[in-house]
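J.: dropping a prediction and its sequence here:
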Protein chains: 2
Amino acid sequence: MSVLDKSNKEKLILEVAQKRFGQYGVEKISMQEIADDLKLSKASLYYYFPDKESLYKAVVEKEQHEFITSITERILSIKEPDKLLREYVNTRLSYFRTLLNLSRLRLEAYSDLKPVFRETMIQFKAKEKEIIVKIFKDGVSKGIFFINDPVMTASLFLDLLKGLRISVVNDKKTLFIDDEEYSKLLYNTVAFTDIFIKGMSIK
Amino acid sequence: MSVLDKSNKEKLILEVAQKRFGQYGVEKISMQEIADDLKLSKASLYYYFPDKESLYKAVVEKEQHEFITSITERILSIKEPDKLLREYVNTRLSYFRTLLNLSRLRLEAYSDLKPVFRETMIQFKAKEKEIIVKIFKDGVSKGIFFINDPVMTASLFLDLLKGLRISVVNDKKTLFIDDEEYSKLLYNTVAFTDIFIKGMSIK
């Protein structure tokens, strides 16, 4: 099998797994079901991904990559820092929901999986911070924002966003949010971003 | 024993337990140690509090009552809504630390205890919201704040504060924060409150 075939097959597996995990959550889907969807033998599937954990990790990294790519494109196309920040917040929240849907994990299962994602999560957090610092600094240089310490303020902004997300899943046994909870979270996130932008803006 | 004696004795037990739990956390202190501190027999202590859980609950409720009383006094003495909000945030954070120190619980132990506090927590949350709504409405009527929906904005503000607190203890095995973590949390909380106030303020 050529390198190209291998990479195409991997891509296909990831697409099917992404769809299946997104529908039912990683715990409810077996490697057999994914192999069946692909009309592959289980042995062939295991050739690409030695266990479900590694497949799940690859799907999460794919989603992360798609999110970062999509945000980076928007950064190039949107010129107003405040508009860009709102756009970031919306896209980030929809990415959060995608990740939750992929997993639908019981909290214990999530704790077990955490170490697997440690490195990925640290890298993602760093990228996210870089993006927000860039938006804030851009706002300062355009005379729109007044921010003493853009790096600290970016961390604070991201912590606050994360806090809103955590507070929705904090008391749950399963990491999943329904439409109503998502609407409420979106409403709160938009209201928060609005106040935060006004609080940083030069009038 | 007169009703007055009983209530005095209870008060004394609560003070000793408050001090002891605050020093070492509820898990590390036995009912025997508290009885010894009070020069009471264990049987007498159990007469007032049938188990450590009920004693711990009474101590938490005492702290809560002290916090609400102290904040209510400040509301009467401070006239500027923005100053009052900052004062609230500081006092609330120091109360959070007191509660953490009282418990120093392993996360599992905390999950087990949660149902015991459910009612207390709901009541406290309602009181807290009432206070912030009052401060926001006062700010609107004094022409300092522009807030469309003070009730929603109060919930949002409290969720955000909670999010900052949770993010510090989120990845911990024991619910405890050291001096450095507290300083960082205080710094973030003050910076957040500042931006939030500016974002709501009429310039």
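T.: Looks like it came in fine. Just so it is clear, the structure is predicted and the values come from calculations on it, not from any experiment.

J.: against A:M152, how distant is A:D82?
T.: Distance of A:D82 to A:M152, computed by C-beta to C-beta, to the nearest Å: 19 Å. Placement of C-beta: from N, CA and C, glycine included.

J.: more neighbours: those two, which one.
T.: A count of neighbours by other C-beta atoms under 10 Å in any protein chain shown puts A:D82 above the other of A:D82 and A:M152, at 19 against 14.

J.: check the more buried one and give its pLDDT.
T.: pLDDT, A:D82: 93.

J.: pretty sure it is touching A:F196, no?
T.: No. The pair A:D82 / A:F196 is not scored as a contact, 10.1 Å apart, by C-beta atoms under 8 Å.

J.: can you show me the helices along chain A?
T.: Along chain A, counting by DSSP state H, helices occupy A:3-24, A:31-37, A:42-48, A:52-77, A:81-103, A:107-141, A:150-169, A:179-200.

J.: now find how far off-centre the second one is within its chain.
T.: Spelled out, it's helix A:31-37. On the basis of C-alpha atoms, centre = their mean, to the nearest Å, helix A:31-37 sits 25 Å off its chain's mean C-alpha point.

J.: same thing with the first one?
T.: Averaging C-alpha positions (C-alpha atoms, centre = their mean) puts helix A:3-24 18 Å from its chain's average.

J.: so what touches it?
T.: Here helix A:3-24 makes contact (C-beta atoms under 8 Å, 6 or more residues apart in numbering or on different chains) with A:1, A:29, A:33-34, A:37-38, A:40, A:45, A:48-49, A:55-56, A:58-59, A:62-63, A:98, A:101-104.

J.: out of those residues, which are buried?
T.: The neighbour-count test (16 or more other C-beta atoms under 10 Å in any protein chain shown) marks A:29, A:34, A:37-38, A:40, A:45, A:48-49, A:55-56, A:58-59, A:62-63, A:98, A:101-104 as buried among the contacts of helix A:3-24.

J.: what is A:R106 paired to in the beta sheet?
T.: Assessed by DSSP bridges, A:R106 has beta-bridge partners A:T174.

J.: what pLDDT is listed against A:Q123?
T.: pLDDT for A:Q123: 88.

J.: and it, how many neighbours?
T.: A:Q123 has 13 neighbours, counted by other C-beta under 10 Å.

J.: A:E119 too?
T.: Other residues within reach of A:E119, judged by other C-beta under 10 Å, total 9.

J.: so where is chain A shaky, pLDDT-wise?
T.: Residue ranges of chain A with pLDDT under 70: A:1-4, A:107-108, A:171, A:203.

J.: for chain B, what are the nearby residues on it?
T.: A:152-153, A:156, A:159-160, A:162-164, A:166-167, A:170, A:188, A:191-192, A:194-200, A:203 (C-beta under 8 Å from any C-beta of the partner chain).

J.: please indicate which of those are buried?
T.: Buried subset of the residues of chain A next to chain B (neighbour count, 16+ other C-beta under 10 Å): A:153, A:156, A:159-160, A:162-164, A:167, A:188, A:191-192, A:195-200.

J.: if we can go back for a sec, the helices of chain A into CSV, with extra columns for distance to B:T69?
T.: Output for the helices of chain A, formatted as CSV (distance: least, C-beta to C-beta, whole Å):
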stretch, distance to B:T69
helix A:3-24, 50
helix A:31-37, 59
helix A:42-48, 64
helix A:52-77, 47
helix A:81-103, 38
helix A:107-141, 36
helix A:150-169, 27
helix A:179-200, 30
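
J.: now for the ones you listed, which one comes closest to B:F146?
T.: helix A:179-200 (9.3 Å; C-beta to C-beta).

J.: what about the closest residue to A:F145 other than its chain neighbours, neighbour count?
T.: Sequence neighbours aside, A:G139 is the residue nearest to A:F145 in space, at 3.4 Å (criterion: C-beta to C-beta, 6 or more residues apart in numbering or on different chains). A:G139: 23 surrounding residues under other C-beta under 10 Å.

J.: does A:G139 touch A:I132 like I think?
T.: No. Checked against C-beta under 8 Å, the pair A:G139 and A:I132 is beyond contact range at 10.5 Å.

J.: find residues that contact each of those two.
T.: A:L85.

J.: nearest to chain B: which residue in chain A?
T.: Of all residues in chain A, A:G163 sits closest to chain B, at 1.5 Å by C-beta to the nearest C-beta.

J.: next one: that residue from B:K79, what distance?
T.: Counting by C-beta to C-beta, the gap from A:G163 to B:K79 is 31 Å.

J.: what of A:L175?
T.: When distance is defined by C-beta to C-beta, A:L175 is 45 Å away from B:K79.

J.: A:F145 now?
T.: As judged by C-beta to C-beta, A:F145 and B:K79 stand 31 Å apart.

J.: likewise A:I122?
T.: Distance from A:I122 to B:K79, by C-beta to C-beta: 47 Å.

J.: and the residue nearest the centre of chain A?
T.: The residue lying closest to the centre of chain A (C-alpha atoms, centre = their mean) is A:Y95, at 4.2 Å.

J.: mind listing what that residue touches?
T.: By C-beta under 8 Å, 6+ apart, A:Y95 lies in contact with A:63, A:67.

J.: go on, A:S41?
T.: The contact partners of A:S41, by C-beta under 8 Å, 6+ apart, come to A:A35.

J.: that one and B:M200, how far apart?
T.: For A:S41, the distance to B:M200 equals 61 Å [C-beta to C-beta].

J.: for A:R92, same thing?
T.: Per C-beta to C-beta, A:R92 is found 23 Å from B:M200.

J.: can you check A:I75 too?
T.: The value you get for A:I75 to B:M200, if C-beta to C-beta is used, is 29 Å.

J.: and if you look at A:I68?
T.: 33 Å.

J.: equivalent analysis for A:K134, please.
T.: Distance from A:K134 to B:M200, by C-beta to C-beta: 27 Å.
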